[in-house]
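1. Need a 3D model of the following:
(one chain, ligands or ions: 2)
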Amino acid sequence: MAAPEGPFVIGVDSSTQSAKALVVDAATGEVVARGQAPHTVTPGPGHESDPEEWWQALTAALEQCGPAAQQASAISVGGQQHGLVTLDADGRPVRPALLWNDVRSAPQSDRLIERLGGPAAWADRFGSVPAPAFTVTKWAWLCENEPDSAAATSAVRLPHDYLTGRLTGEGTTDRGDASGTGWWASSTGAYDEEILELIGLSPKLLPRVLAPGEAAGTVRPDLPLPAGALVASGTGDNMAAALGLGLRPGQPVLSLGTSGTVYAVSTRRPTDPTGTVAGFADARGDWLPLACTLNCTLAVDRVAALLSLDREAVEGGGEAVLLPFLDGERTPNLPYASGLLSGLRHDTTPGQVLQAAYDGAVFALLRALDQVLDERDTGAQGAHPSGAPGAGRDTGGEGDAPLLLIGGGAKGTAWRETVRRLSGRPVQVPRAEELVALGAAAQAAGLLLEEDPTAVARRWGTAQGPSYEAVPRDEATSTRVAETLAGADTLLRQR
Ligand SMILES: Nc1ncnc2c1ncn2[C@@H]1O[C@H](COP(=O)(O)OP(=O)(O)O)[C@@H](O)[C@H]1O
Ligand SMILES: O=C(CO)[C@@H](O)[C@H](O)COP(=O)(O)O
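-> Numbers count the residues shown, from 1 in each chain. Ligands and ions are numbered 1, 2, ... in the order given. Prediction:
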């Protein structure tokens, strides 16, 4: 391996389960040191996490990077999207953060959609219809359920804003992460005063939205990093991964982590009135139409544990359908749902039930991918009438561009083969594993070297990895899952 050329930059991924830090050689993209430390999510009906723990995990991950971290010239933080961080007058968390996968704000989501003119009005103005994941619904929940916490709040932040603020001492965010709040309007590129007034949130409590490429500040003294190093704006984790892949418009991505996501960069502002596709901004000047499921790797791992099986111990055959909605679900929008198993017979094997869990998780993502790609192409087409994933695909744009498979699940054979079988698409698995942290590193390098972060990531070759050719699409399984979902609709909506 050649000696590092430098300068060094640090990319951070503060995700739902852990903080990961990479020290990267900005010249070559070589990862010279890495660290990872877990943080916790509370069990129970809500999902909350202590922001102080994110900071402890981040500093532990940086310490694991050793002396290389001390040589870094710039840093950037990618973070789980949407979480509501409330800070008091001393900058300390008023209470644990309400996370993206906490569905307790479903009633507030319904009411806010109605009060601002319905789904189409929201999509037109904000680019998205606010699912319970969106920060705006969480603030409304807090005001209704914990008015004292809301009253004690002097600043509202997203997870990546909070960590960036701990580095710089400044209150900043970026358009990518801001677009997941529900109070940043994609139609104007600014905070929306009407919605803020409706939910009783003063714009003074919100961070300044940095322009793409603008610095958030520099590292404060007395931190486990070189004081004075540049701090890039940071962004939401999906936007960071898009940077990390050096993504070109139209190239589809499927990410398998705590959340499952499907997305593509688009030069056109998305406005999906069905709410399946969130019309996020990306971290540059484009858009990131994206659909997200709440139940992905953790849910399937939980099914494997219930069956006492290794996660790779899948078996084909049988007719079992498993809708793995253990946390409620966002895509499709079924916040009150729980997991559902049907089609069991005397000869159904545990391995077939596990395969059904993978099928259920992947089906939801692939069906939404059709809508993501429609938003990218024309915005005028809905989901294909058959309801099966892939049935209406590639009506324009990138044709049969391979689906880039990323996230922790992309390391698993069962995940990859399920995606290939249900999508009928060629699949490419980047060799680089930590694409969120790499994207943050590319953003830091872009700031330091005055380069487009996407060009940096392409120069680093981050998307390169083995390709798997298309296999015939498994229509029978997709149809069975689609029919089970439709047939169980009443049950899945019960509170
Ligand atoms: N070798 C592997 N095979 C399949 N899945 C894996 C493997 N290693 C990790 N995972 C899955 O990756 C998930 C974590 O993915 P990651 O993208 O890091 O999540 P997040 O960013 O949400 O914290 C775990 O829940 C685990 O199920
Ligand atoms: O809510 C979304 C996207 O809208 C999630 O993708 C979160 O951003 C959490 O990501 P992971 O921790 O699963 O990476």
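2. Which other helices and strands does the strand or helix carrying residue 136 contact?
-> For residue 136, the enclosing helix or strand under DSSP states H and E is helix 135-145. Judged by 3 or more Cβ pairs under 8 Å, 6 or more residues apart in numbering; DSSP states H and E, helix 135-145 is in contact with strand 97-98, helix 106-115, helix 147-151. C-beta here means a position set from N, CA and C on the backbone, and glycine is covered the same way.
3. okay if I get these as CSV plus mean neighbour count?
-> As requested, the helices and strands packed on helix 135-145 are exported to CSV (neighbours: other Cβ atoms under 10 Å):
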stretch, mean neighbour count
strand 97-98, 26
helix 106-115, 17
helix 147-151, 13
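4. between these, which one is nearest to residue 85?
-> When the helices and strands packed on helix 135-145 are compared by Cβ to Cβ, strand 97-98 sits nearest residue 85, at 4.7 Å.
5. quick one: contacts of the closest one?
-> Outside of strand 97-98, the residues within contact range by Cβ atoms under 8 Å, 6 or more residues apart in numbering are 46-51, 83-86, 104-105, 138, 141-142, 159, 162.
6. mind checking how far that strand is from the chain centre?
-> On the basis of Cα atoms, centre = their mean, to the nearest Å, strand 97-98 is displaced by 16 Å from the centre of the chain it belongs to.
7. which stretches of the protein aren't confidently modelled?
-> Counting by pLDDT under 70, the chain contains low-confidence ranges at 1-2, 377-399.
8. tell me which parts of it are close to ligand 1?
-> Near ligand 1, the residues belonging to the chain are 15-18, 257-258, 297-298, 301, 311, 407-409, 411-412, 415 when assessed by Cβ under 6 Å from any ligand atom.
9. So which of those are in strands?
-> Among the residues of the chain next to ligand 1, the members falling in strands are residue 18 (criterion: DSSP state E).
10. Sort out which of the residues of the chain next to ligand 1 are buried, if you could.
-> Listed as buried from the residues of the chain next to ligand 1 are 15-18, 257-258, 297-298, 311, 407-409, 412, 415; burial here means 16 or more other Cβ atoms under 10 Å.
11. Mind putting these into CSV with distance to ligand 2?
-> Converted to CSV, these look like this (distance: Cβ to the nearest ligand atom, whole Å):
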residue, distance to ligand 2
15, 4
16, 3
17, 7
18, 9
257, 4
258, 4
297, 8
298, 9
311, 17
407, 7
408, 9
409, 10
412, 15
415, 14
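12. still on that earlier bit, name the residues of the helix holding residue 136 that come out as buried.
-> Buried residues in helix 135-145, counting neighbours by 16+ other Cβ under 10 Å, are found at 135, 136, 137, 138, 139, 140, 141, 142, 143.
13. Now do the same contact list for the second one.
-> In this case it means residue 136. If you count contacts by Cβ under 8 Å, 6+ apart, residue 136 has them with 112, 130, 181, 182, 183, 195, 199.
14. What is the neighbour count of residue 202?
-> Neighbours of residue 202 under the rule other Cβ atoms under 10 Å: 11.
15. for the stretch 251-400 of the chain, what spans make up the helices?
-> 297-306, 350-377 (DSSP state H, counting those that start in this stretch).
16. closest to residue 211 out of these?
-> For the helices of the stretch 251-400 of the chain, distance to residue 211 was read as Cβ to Cβ. The smallest value, 23.9 Å, belongs to helix 350-377.
17. tell me which element residue 91 falls in.
-> In this structure, residue 91 sits in neither a helix nor a strand according to DSSP H and E.
18. what's the answer for residue 445, then?
-> When elements are assigned from DSSP H and E, residue 445 belongs to helix 435-449.
19. ok so, going back, please list the members of the contacts of strand 97-98 that lie in helices.
-> For the contacts of strand 97-98, the ones inside helices are 51, 138, 141, 142, 159, 162, with DSSP state H as the criterion.
20. Could you find which two of the residues you listed are furthest from each other?
-> The most widely separated members of those are 141 and 162, with 18.9 Å between them, by Cβ to Cβ.
21. measure residue 97 to ligand 1 for me?
-> According to Cβ to the nearest ligand atom, to the nearest Å, residue 97 stands 15 Å off from ligand 1.
22. how close does that residue sit to residue 258?
-> Distance of residue 97 to residue 258, computed by Cβ to Cβ, to the nearest Å: 15 Å.
23. same deal with residue 105?
-> On the measure of Cβ to Cβ, residue 105 and residue 258 end up 18 Å apart.
24. can you pull the contacts of the residue most central in space within the chain?
-> Centroid-nearest residue in the chain: residue 238, 4.4 Å away (criterion: Cα atoms, centre = their mean). When the contact criterion is Cβ under 8 Å, 6+ apart, the partners of residue 238 are 81, 255, 261, 263, 280, 288, 290, 292.
25. what about 10 Å?
-> With Cβ atoms under 10 Å, 6 or more residues apart in numbering as the criterion, the residues that contact residue 238 are 78, 80-81, 176-177, 180, 253, 255, 257, 259, 261-263, 278, 280, 282-283, 288, 290, 292, 435-436, 439.
26. Please apply the same query to residue 130.
-> Here residue 130 is in contact with 82, 105, 108-110, 112-113, 116, 119, 122, 136-138, 140, 180-183, 195, 275, 278 (Cβ under 10 Å, 6+ apart).
27. Run through the residues you listed and flag the ones next to ligand 2.
-> 82, 180, 278.
28. pretty sure the second one is touching residue 161, no?
-> No. With contacts defined as Cβ atoms under 10 Å, residue 180 does not count as touching residue 161, sitting 11.6 Å away.
29. Overlap in contacts, these two.
-> Between them, residue 180 and residue 161 share the contacting residues residue 83, judged by Cβ under 10 Å, 6+ apart.
30. who in the protein is up against ligand 2?
-> Residues of the chain found near ligand 2, taking Cβ under 6 Å from any ligand atom as the criterion, are 15-16, 80-82, 100, 133, 180, 236-238, 257-259, 261, 278, 292.
31. Skipping adjacent residues, who's closest to residue 21 in space?
-> Among residues not flanking residue 21 along the chain, residue 61 sits closest, at 4.0 Å (Cβ to Cβ, 6 or more residues apart in numbering).
32. The helix or strand in which the one you found is found to helix 435-449, inter-axis angle?
-> Under the assignment given by DSSP H and E, the secondary-structure element containing residue 61 is helix 51-64. In terms of direction (axes from the mean of the first three to the mean of the last three Cα atoms, to 10 degrees), helix 51-64 departs from helix 435-449 by 70 degrees.
33. What is helix 51-64 packed up against?
-> Helices and strands touching helix 51-64, as assessed by 3 or more Cβ pairs under 10 Å, 6 or more residues apart in numbering; DSSP states H and E, comprise strand 8-14, strand 18-25, strand 31-38, strand 72-79, strand 85-87, strand 97-98, helix 159-168.
34. how does it look with 7 Å?
-> In terms of contacts (3 or more Cβ pairs under 7 Å, 6 or more residues apart in numbering; DSSP states H and E), helix 51-64 is packed against strand 8-14, strand 18-25, strand 31-38, helix 159-168.
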